[in-house]
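S.K.: Just the structure for this:
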Amino acid sequence: MVFTHDTEGALTSAVALVNSGEDPDTLTTREQLSAFFVEQGYTGRFDGDEVELEAVRNLRPSLRRLLTSDRDSAVQLVNTILSDARALPRLVRHGEMDWHLHAVSDDRPLADRIAVETAMAMIDVIRADELSRLDICAADCNGIVLDLSRNRSRRFCSTACGNREAVAAYRTRKSGL
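M.R.: Reported below is the predicted structural model:
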């Protein structure tokens, strides 16, 4: 494990949220928001209405900026997010999750909690100087790649992108024979 379980979870969720905005957008309905909430293991307040859907969708550009920033810019963005949210880190344990950090209360809006959890995770990434674990997909898309592998070999944001590139390489090799 490169980071703690809560850091990896928050980074994975942030990448999934940002990548949901790629074509085709996979976060356009309240049902998709509900599925995202469950799949990413969020707890606490969930309104599931159009207002919350739009707030979460509107969070994607700022998270993309944070996840693709250089180290010094990421520090500024993290500090702004935490200051704006008046974050106060504390250890919590719930459900299947062992002790981990929350920095805003569970009754805050989902978009606020996602932003703060991502900022808290980025603190670990910045302190460990591991921003190279976040990159843009090597395929012809703008998806973000979170590489938690030991050998830092992940290049694609999804299996679909990896398969598409493998098929294209195969076809190129076959046509060159």
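
S.K.: Could you tell me which ranges of this protein sit under the pLDDT cut-off?
M.R.: Along the chain, the model assigns pLDDT under 70 to residues 1, 177.

S.K.: what are the ranges of the strands in it?
M.R.: 90-94, 97-102, 134-136, 144-146 (DSSP state E).

S.K.: Highest mean neighbour count out of those strands?
M.R.: Highest mean neighbour count of these: strand 144-146, a mean of 21 (counted as mean count of other CB atoms under 10 Å). Glycine gets a C-beta too; all of them are placed from N, C-alpha and C.

S.K.: contact partners of it?
M.R.: Contacts to strand 144-146, defined as CB atoms under 8 Å, 6 or more residues apart in numbering, come from residues 11-12, 15, 18-19, 64, 67-68, 133-138, 154-157.

S.K.: gap between that strand and the chain center?
M.R.: Relative to its parent chain, strand 144-146 has a centroid offset of 8 Å by CA atoms, centre = their mean, to the nearest Å.

S.K.: where along the chain do the helices fall?
M.R.: Taking DSSP state H to define them, one finds helices in the chain at 5-19, 30-39, 50-67, 71-84, 110-127, 159-175.
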